[in-house]
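Q: what would the 3D arrangement of this be:
(2 chains)
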2 protein chains.
Amino acid sequence: MSIKEEVRLLKREHILARAEQLFYERGYKATSLDAIAEAMEMTKPFVYGVFDKKTDILAEIYRRIMTKTLGVLNDAIALDASPTDRLQAFARSLTRLTIENQSAVSIFFREEGSLDPDKADEINALKSEFDSRLAGLVEEGVRTGEFAVSDTRMASLAIGGLISWVYVWYRKDGRLEPDEISGSMAGFVLNLVGAADSRDLKNIS
Amino acid sequence: MSIKEEVRLLKREHILARAEQLFYERGYKATSLDAIAEAMEMTKPFVYGVFDKKTDILAEIYRRIMTKTLGVLNDAIALDASPTDRLQAFARSLTRLTIENQSAVSIFFREEGSLDPDKADEINALKSEFDSRLAGLVEEGVRTGEFAVSDTRMASLAIGGLISWVYVWYRKDGRLEPDEISGSMAGFVLNLVGAADSRDLKNIS
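A: Alright, predicted model coming up:
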């Protein structure tokens, strides 16, 4: 990688981080590229040299959080363990990811209408993949007799929602540590699918 | 009530309905009072005569959906029934309310940052009341031995989130009827709190 390219990538990361913070605090529509440059105490060409359009920054925020989310699901599915253990691992990891990426998750659910149509299609394809794979894991648990769910598709939407919702109420200075929240969420998720041993797990988590 | 007052209230309802639709579709910040008047094919004084400020319309949308939500919870709590049955009734009603008020619920979770501080305080007080009362219902079920939950406060946040999330994925032209969704959500909520008989209910809902 050339020094020039390395510098460009570094700038790109800084712009993305600052833009994410501003989109989160002020909303996407109310934040201009100029405002991002200003908040970074940089000149406008600094930003425009890396991103031509504000929607490209938004699309990259969407792409990254969706990729991380799918990654967490795929890692859990790939574990050599029972559906119950894999669903629990997934719920814990997704809760942690949500807490660690609260601003990106918030933007994800608030600013969908501002994505360019082709980018929205790309994100929707990743979302569908996520829903299908999660429903697949729930189905597996139903087949092994570990879970009791009649509509696995709706259960997967419910699980996704239950965990994502943490972005709404999580506060860094709140009474609960991320690990406690992740443990409780995993317990709730196992309960939700009627996991056979969730009554025991509840007291551990 | 004078005819004048009656006309003013009628106008107010029409403005609120149209504003809600536009805030939902375009976002609050991107929708001016002028745009609301234009969409109604009315003159600007028509709108300004009823609401001076756009934030007053937003505050009224928040107040109404929060009041309805609290109403649904209070109605369920007031039932002469077990905590399990009351929680189930609440979950069904709140799911229906969410489906019927998808645009208001969406605005509620997206536009919080745009509320005037005094209005935000008022809404937060109602939200706290909701969380406390719901946690109280869950505690009651724990006391009677029907529910198995260690952190009732977190469980109430989880339940609120699980149901509210329906606004994100519900589609009028989707494969599921509101009653099926309400039934499934109620089943998930009972599972979540470890309701003793939720495994039976699951097959009914």
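
Q: which phi and psi does A:Thr43 have?
A: Backbone torsions of A:Thr43, given as degrees, to the nearest 10, read phi -80, psi 160.

Q: tell me how far it lies from B:Ala135.
A: 51 Å (CB to CB, to the nearest Å). Just so you know, the C-beta spots here come from the backbone N, C-alpha and C atoms, and that holds for glycine as well.

Q: which outside residues touch the helix or strand harbouring A:Glu180?
A: In this assignment (DSSP states H and E), A:Glu180 forms part of helix A:178-192. Applying CB atoms under 8 Å, 6 or more residues apart in numbering or on different chains, the contact partners of helix A:178-192 are A:84, A:87-88, A:91-93, A:95-96, A:99-100, A:155, A:158-159, A:162-163, A:166, A:170, A:197-198, A:201-202, A:204-205, B:150-151, B:154-155, B:158, B:162, B:188, B:191-194.

Q: what is the neighbour count of A:Asp118?
A: Other residues within reach of A:Asp118 by the criterion other CB atoms under 10 Å in any protein chain shown amount to 8.

Q: next, the buried residues of the helix or strand in which it is found.
A: Taking DSSP H and E as the criterion, A:Asp118 maps to helix A:117-143. For helix A:117-143, a neighbour-count test (16 or more other CB atoms under 10 Å in any protein chain shown) marks A:119, A:122-123, A:126-127, A:130-131, A:133-135, A:137-142 as buried.

Q: other SSEs contacting it?
A: In terms of contacts (3 or more CB pairs under 8 Å, 6 or more residues apart in numbering or on different chains; DSSP states H and E), helix A:117-143 is packed against helix A:54-77, helix A:83-100, helix A:152-164.

Q: in space, what's closest to A:Ala148 - neighbours in sequence excluded?
A: Residue nearest to A:Ala148 in three dimensions, not counting chain neighbours: A:Gly194, with 3.6 Å by CB to CB, 6 or more residues apart in numbering or on different chains.

Q: quick one, domains of chain A?
A: According to automatic domain parsing, chain A comprises the domains A:1-52, A:55-204.

Q: give me the contact list for stretch A:93-112.
A: Contact partners of stretch A:93-112, identified using CB under 8 Å, 6+ apart, comprise A:20-21, A:23-24, A:27-28, A:58, A:61-62, A:64-66, A:68-69, A:72-73, A:75-76, A:120, A:123, A:163-164, A:166-167, A:170, A:178, A:181-182, A:185-186, B:109-110, B:168.

Q: leaving out chain neighbours, which residue sits closest to A:Val138?
A: That would be A:Thr152: by CB to CB, 6+ apart, it lies 4.5 Å from A:Val138.

Q: for the one you found, grab the count of nearby residues.
A: Close neighbours of A:Thr152, defined as other CB under 10 Å, add up to 18.

Q: kindly report the same for the one 4 residues further on.
A: Residue neighbour count, defined by other CB under 10 Å, stands at 22 for A:Ser156.

Q: related to what we said a few turns ago, which of the helices and strands packed on helix A:117-143 sits most buried?
A: Sort the helices and strands packed on helix A:117-143 by mean neighbour count, taking mean count of other CB atoms under 10 Å in any protein chain shown, and helix A:152-164 sits at the top with a mean of 23.

Q: and the next element down the chain from that one?
A: Next along from helix A:152-164, by DSSP H and E: helix A:166-169.

Q: which other helices and strands does that following helix contact?
A: helix A:83-100, helix A:102-110, helix B:152-164.

Q: would you mind putting the CA coordinates of that helix into PDB?
A: Extracted as PDB, the C-alpha positions of helix A:166-169 are listed here (Å, rounded to 0.1, in the frame of the first residue of the first chain):
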ATOM      1  CA  VAL A 166     -31.000  -2.500  23.800                       C
ATOM      2  CA  TYR A 167     -29.800   0.400  21.700                       C
ATOM      3  CA  VAL A 168     -32.900   2.400  22.800                       C
ATOM      4  CA  TRP A 169     -32.400   2.100  26.500                       C
END
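
Q: what does it rub up against?
A: For helix A:166-169, contacts defined as CB under 8 Å, 6+ apart pick out A:Thr95, A:Thr98, A:Ile99, A:Gln102, A:Val105, A:Ser106, A:Phe109, A:Ile181, A:Met185, B:Phe109, B:Leu157, B:Gly161.
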